[in-house]
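Here's a sequence, model it:
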Amino acid sequence: MKDEPLQNPLRELAWRRKLTDAEKAGLRAQPEARADLELESRLSEALACVPDAPMPSNFTARVLQAVEREEARGARTRSWSWHWRALVPRVAVAVAVVGLAGLAYQRHALDKRAEFAEDMVLLAQAQPVPSVEALKNFDAIQRLSQTTPHADDELLALLQ
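From the prediction side, this is the model:
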């Protein structure tokens, strides 16, 4: 069977009711549509013999509930879209939090710098830096200040 749009008005009439003799005579004049309409009429007669499916008593209520659920689902998905009234306050709060965090970090960094500068001033005032002349002979002076950790056994043996 072809899935064509209703090219023949007799096809739709055959779905709804039996064709009259005049309509059947018009059908005989069109041999290419006659086989298709014959098949349609036999299918309609076969479907008329099938008993109607029982309908529940609350069918209309169930259909309306399904429609309401679909509408509610559509409303829920639309509620997550960007609403300026909800978006602007959230963005403002986020900007305020980030700005305050940045200011707190900047203040912390400035305090650390000031503390470091104070420590350097105290260090500079505490001990004067030795002169270059004293640092030239530093290794020799350091060796002189070292004491020998053990007694000289040879010297002690000669003294006895």
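
so where's the chain uncertain?
1-8, 75-82, 147-149 (pLDDT under 70).

Okay, domains of it per the record?
1-52, 90-128 (automatic domain parsing).

want to throw those into CSV with distance to A61 and mean neighbour count?
Bear in mind the C-beta positions are built from the backbone N, C-alpha and C, glycine included. Below are those laid out as CSV (distance: least, CB to CB, whole Å; neighbours: other CB atoms under 10 Å):
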stretch, distance to A61, mean neighbour count
domain 1-52, 20, 11
domain 90-128, 41, 10
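
and V129, backbone torsions?
phi -80, psi 130 (degrees, to the nearest 10).

Quick check: the gap between it and L135.
9 Å (CB to CB, to the nearest Å).

How about A14?
With CB to CB as the criterion, A14 and L135 are 119 Å apart.

before we move on, back to that, and V129 and L135? Which one has more around it.
Using other CB atoms under 10 Å, the more surrounded residue of V129 and L135 is L135, with 11 against 8.

Is the more buried one in a helix, a strand, or coil?
With DSSP: H, G, I helix; E, B strand; the rest coil as the basis, L135 sits in helix.

hang on, the earlier thing: can you put the domains of the chain in TSV and add distance to Q146?
Listed next are these as TSV, based on distance: least, CB to CB, whole Å:
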stretch	distance to Q146
domain 1-52	110
domain 90-128	22
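
Can you check which of these gets nearest to E70?
E70 lies closest, by CB to CB, to one member of the domains of the chain: domain 1-52, at 26.7 Å.

now the closest one, how far from the centre of its chain.
Domain 1-52 has its C-alpha centroid displaced from the chain centroid by 56 Å (CA atoms, centre = their mean, to the nearest Å).

Please identify the helix or strand for L122.
For L122, the host element (DSSP states H and E) is helix 84-126.

K18: what's it in contact with?
Contacts were defined as CB atoms under 8 Å, 6 or more residues apart in numbering; by that measure K18 touches S41.

ok, the closest residue to E23 other than its chain neighbours - contacts?
Nearest residue to E23 in three dimensions, chain neighbours excluded: L10, at 5.9 Å (CB to CB, 6 or more residues apart in numbering). Residues near L10 by CB under 8 Å, 6+ apart: L19, E23, G26, L27, A33, L37.
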